[in-house]
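Participant: sequence-free structure coming up:
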Ligand code: ADP
């Protein structure tokens, strides 16, 4: 049986949403669509898009909404996303929510659930500092991290209210072992009737 699940994972930088996103997507047999990963891949390959966004990412700013939404629309139009997907890092502000809603509505689709990973600010910062030494991401400087957390609080956190009004937000405690957190998410999604791939 093929599972169908259209999911969004949201949480502050350092909440572990990237790691959990991959685990959850695997459980459902759906692709992860991570805007951050797509931008980083383009930068690494030196594509025109990569050149266009390198400085933006290094500053911790947002890539323009229209450009970001276009990339996501292209990705979601591919065959492997027909039965579902897990979005990580998009939408990131209310304008992008509007773009995504319009795209999904055109295709007779909607998000099934929004997973909000709840992690205290001190824990996020501790994890990001560790990641900076382990992975050496060029936007994990103190300045860019602080800027990204600010954008999260002012632009991204408000999208939760929009989705809460639709009754699709599952707030998950993001502190614990990786397995515990994955289990919590899968349990919440099961309550919504989202079945795992068999
Ligand atoms: P983090 O959540 O740690 O900030 P991401 O990998 O999600 O990391 O994003 C890295 C960077 O990619 C962001 O700081 C931003 O520059 C760009 N980016 C990712 N997603 C979006 C988006 N939806 N809109 C605009 N810019 C984005």
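Facilitator: Done, it's in. Everything numeric in this text was worked out from a predicted model, so none of it was measured.
Participant: name the nearest residue to whichever residue of the chain sits closest to the ligand, sequence neighbours excluded.
Facilitator: Nearest to the ligand, among the residues of the chain, is residue 36, at 1.8 Å (CB to the nearest ligand atom). Every C-beta, even on glycine, is put in place using the N, C-alpha and C of the backbone. Spatial nearest neighbour of residue 36, excluding adjacent residues (CB to CB, 6 or more residues apart in numbering): residue 89 at 4.6 Å.
Participant: the one you found contacts residue 40, doesn't it?
Facilitator: No. Contact between residue 89 and residue 40 fails when scored by CB atoms under 8 Å: they sit 10.7 Å apart.
Participant: more crowded one of the two?
Facilitator: Between residue 89 and residue 40, counted using other CB atoms under 10 Å, residue 89 has the larger neighbour count: 22 against 18.
Participant: residues contacting the more buried one?
Facilitator: Neighbour list for residue 89: 34-37 [criterion: CB atoms under 8 Å, 6 or more residues apart in numbering].
Participant: what's the PyMOL line that selects buried ones from the residues you listed?
Facilitator: Selection of buried members from these for PyMOL, criterion 16 or more other CB atoms under 10 Å:
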select buried, resi 34+35+36
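Participant: ends of stretch 156-173, how far apart?
Facilitator: Taking CA to CA, to the nearest Å as the measure, stretch 156-173 stretches 18 Å from start to finish.
Participant: what's next to that stretch, contact-wise?
Facilitator: Counting contacts by CB under 8 Å, 6+ apart, the residues outside stretch 156-173 that touch it are 8, 10, 91-94, 96-97, 111-118, 181, 184-185, 188-189, 192.
Participant: C-terminal to the helix or strand of the chain with the lowest mean pLDDT, what's the next element?
Facilitator: Taking mean pLDDT, DSSP states H and E as the measure, helix 121-135 is the helix or strand of the chain with the lowest mean score, a mean of 85. Downstream of helix 121-135, the first helix or strand assigned by DSSP states H and E is helix 142-151.
Participant: and that following helix, average pLDDT?
Facilitator: When pLDDT is averaged over helix 142-151, the result is 88.
Participant: can you name the residues bridging to the most centrally placed residue in the chain?
Facilitator: Against the mean C-alpha coordinate of the chain, by CA atoms, centre = their mean, the closest residue is residue 88 at 1.6 Å. Bridge pairing for residue 88 (DSSP bridges) gives the partners residue 9, residue 34.
Participant: show me which residues of this protein sit near the ligand.
Facilitator: Where proximity means CB under 6 Å from any ligand atom, the interface of the chain facing the ligand comprises 13, 35-36, 39, 56-57, 60-63, 68, 89-90, 92, 96, 139, 148.
Participant: how long is stretch 53-72 end to end?
Facilitator: OK, stretch 53-72 end separation, CA to CA: 15 Å.
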